[in-house]
Structures are given as C-alpha cells and as structure tokens.
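[1] dropping the sequence and predicted coords here.
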Amino acid sequence: MFLTIITFILVLSVLVFAHELGHFMMARKFGVRAEEFGFGFPPRIFGLQVWREQRLKKNAESENIAIGLETRPLPDGSKIIKEIIIDEKKEIDEAFWIRKFRFIKGSREITPDEEKYGTVYSINWLPLGGFVKIKGENGEGETEPDSFASRPIWQRAFMLSAGVVMNIILAAVLIIAGFTIGLPQSLDGQLDARAHVSDKAFYDLLKGLILGQGVTADLPGPVGIATLTGQVARMGFVYLLQFTALLSINLAVINFFPFPALDGGRILFLIIEKIKRSPVKREVEGAIHNIGFALLMVLILVVTLRDVSRFGGFFKGILERIF
C-alpha cells in the first residue's frame, strides 16, 4: 500500500517537474524572466537566489574608470539600457565575474527590491512535481523586454509548447534506459521465465490503459493510475521506467489539447491573436482559463470520489494500519 503511494508520488513529481523545467528553460532561452522555479508546490520552505556580479582588477588605483550607460534599440522600437565600463586609459588589468547567493526563508512575497537578484529557486512543502512563475504569463508587462507578454507570438508559442516537448523527451530517455537495462536473464543467458510472465502482465496493463479495458476501465482516475503504478513497480524497475514513459506521453498529449487552462488552450489564443492581429482582452482570456480550470478540477474530483467509493476497503485498510 505504502509502496504504491510513494511510487506514485515520485513518478508524478518527475513528470510534472520535467514539464515545468521545459517552460523554464525556454523562457531563459528567450530572455524572459522566471520569477520563481520551485520543486514541489507552495507554501515555500526556503528559496535561493543566485546571480553574478562583475569585479575589476586594475593595474593601478585610478579615478579614470567609470560606469556608463549604453542604449541599444530593439526591432519593435523599444530600447534596452545597460551599464558598460568606461576605461579610456586601459587601466583595467582583468574583468571577472563572481557568483553570489541569497537565502530566502519561508513563503513570504518577494519584494521589488529583491527581484533584481534574479530567479528564486525554491523547495516547497508539497512534494508533487514543481512549478515555474514566469513574468508576464498573465498578460502584464507588455512593454517590458523581459516579460512573456512582450515577446513575439512565435516565441510565446515555443515557451508554451516546451513543457510538452520536455515530457516527450523524458519519455524517449526512459524508454531507451529501459531497453538498455534490459529484462532479467538466467545463468544460461536466456530470459527468465518469470520475466515472460511479468512482460505479458505489463503489456496487458498498458493495453488496458490505452484501450480502457480491464482494470483501467474501472479505474480511470488518479486512484486508478496510482494503483497501476504500484502494480508495475512490483514487476520491476524496468517496467516502471516504461510505464512512466507512457504516462509522460499521456501528460504531453493532454496538455496539448486545446482546452482552456491547458498549454494547448493558451496556444489556441495565440492562434486567434495571429489571425485577428490583436490579442484577446486579458480579462476575457483570464476568465475563460479560470472557467476551464474549474471544470478540470470538478472532473478530477468526481472521478476521484468514484474511485474512492470503489476502493473503500483499500483506504479503510490503510487507515486501520495507521491508527
């Protein structure tokens, strides 16, 4: 029982964390600020900000070295202003970067003054995957260069799709790892007979999961997936890798479905923006995503309650062992 729960939490955490890591990496690639990237879900236990500062090593003490400002125009007409070093007499012997750290305790809000230190990398209390908070993901900051809302449509589409792509990559890695490790063998080099039995049972489970037959027809929700995860884990590590790969692909497909609150739904709004040459009003899009999210939560709740009612004895046994 506890093996099932622990394994399911670990598998779910890997899938969700990989998905959010994809969004985070693509945002960084396009220069969009990630305000926080966390393992687990809030409340936050602690966070860490990491940034770099430049230090100058001079040949001699001098007052001729100063910090100036450089303005660089962008294609959309806006400008980026950054600091540059003015060293007309070539008195700087070496310029180097040092890495600095800043510790944040608890779940308090990050102040505007603290935001300049960069992304908060956090560990949170609920050990279920992770999350990324991207600046401008809800449409704010349209005039700020490091905001999601200010980026071209194609870049926003790439950032929204990155989580799905990362889940597909994860699935490929797990499948390759499973085949690399291979099935157990006997001393004469032949496949163990038990491996054949486990192999057939595993693929029967996969068939049921895909076609909605057998055990999965009765357990289509989170409880059913958790139960299957526990069964596969008992078959062996290789089978668990392959099963996790299948779940990762399923997560990618579901997230790419054009339904509000999902990545596919947000991409659909980008397509609408491209066609009508103007974005949907932020309030309207936000309301639609909120409704979609509420519907998803209701669906998950209904399916979970049905699963719990079918497995009342299973949960009763767990509670009796605990108390």
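    Noted; the coordinates are in hand.

[2] where does this protein have low pLDDT?
    Within the chain, the ranges that satisfy pLDDT under 70 run 1, 53-98, 183-220, 310-323.

[3] all helices of this protein, in order?
    In the chain, the helices defined using DSSP state H lie at 2-29, 112-115, 153-181, 193-211, 215-218, 222-235, 237-256, 263-276, 282-310, 312-322.

[4] need the ones you listed in a markdown table (columns: mean neighbour count and distance to residue 125).
    Quick note: C-beta positions are derived from backbone N, CA and C, even for glycine. What follows is the helices of the chain, written out as a markdown table (neighbours: other Cβ atoms under 10 Å; distance: least, Cβ to Cβ, whole Å):
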| stretch | mean neighbour count | distance to residue 125 |
| --- | --- | --- |
| helix 2-29 | 19 | 13 |
| helix 112-115 | 10 | 21 |
| helix 153-181 | 18 | 23 |
| helix 193-211 | 15 | 31 |
| helix 215-218 | 15 | 32 |
| helix 222-235 | 20 | 20 |
| helix 237-256 | 20 | 23 |
| helix 263-276 | 16 | 26 |
| helix 282-310 | 13 | 20 |
| helix 312-322 | 10 | 20 |
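
[5] just send those back as JSON lines, with distance to residue 42 too.
    Output for the helices of the chain, formatted as JSON lines (distance: least, Cβ to Cβ, whole Å):
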{"stretch": "helix 2-29", "distance to residue 42": "13"}
{"stretch": "helix 112-115", "distance to residue 42": "17"}
{"stretch": "helix 153-181", "distance to residue 42": "19"}
{"stretch": "helix 193-211", "distance to residue 42": "31"}
{"stretch": "helix 215-218", "distance to residue 42": "32"}
{"stretch": "helix 222-235", "distance to residue 42": "21"}
{"stretch": "helix 237-256", "distance to residue 42": "21"}
{"stretch": "helix 263-276", "distance to residue 42": "21"}
{"stretch": "helix 282-310", "distance to residue 42": "17"}
{"stretch": "helix 312-322", "distance to residue 42": "26"}
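
[6] so which of these is nearest residue 143?
    Each of the helices of the chain has some distance to residue 143 by Cβ to Cβ; the shortest is helix 282-310, at 14.0 Å.

[7] what number of residues lie near residue 99?
    Neighbours of residue 99 under the rule other Cβ atoms under 10 Å: 8.

[8] bridging residues for the closest residue to residue 117 other than its chain neighbours?
    Once flanking residues are discounted, residue 117 sits nearest to residue 49: 4.2 Å by Cβ to Cβ, 6 or more residues apart in numbering. Following DSSP bridges, residue 49 is listed with bridge partners residue 102, residue 120.

[9] and residue 49, how far from residue 285?
    31 Å (Cβ to Cβ, to the nearest Å).

[10] quick one on the thing from earlier: tell me which of the helices of the chain sits nearest to residue 41.
    Here helix 2-29 is closest among the helices of the chain (Cβ to Cβ), at 9.1 Å.

[11] now do the closest one and helix 222-235, the angle between them.
    Angle between the axes of helix 2-29 and helix 222-235 is 100 degrees (criterion: axes from the mean of the first three to the mean of the last three Cα atoms, to 10 degrees).

[12] packing partners of helix 2-29?
    Under the contact criterion of 3 or more Cβ pairs under 8 Å, 6 or more residues apart in numbering; DSSP states H and E, helix 2-29 touches strand 34-58, strand 120-134, helix 153-181, helix 222-235, helix 237-256.

[13] now do the contacts for the closest residue to residue 48 other than its chain neighbours.
    Take residue 48 and drop its neighbours on the chain: the residue closest to it by Cβ to Cβ, 6+ apart is residue 121, 5.0 Å away. Residues near residue 121 by Cβ atoms under 8 Å, 6 or more residues apart in numbering: 36-38, 47-50.

[14] check those residues against residue 130 and report the nearest one.
    For these, the nearest to residue 130 is residue 38 (5.5 Å; Cβ to Cβ).
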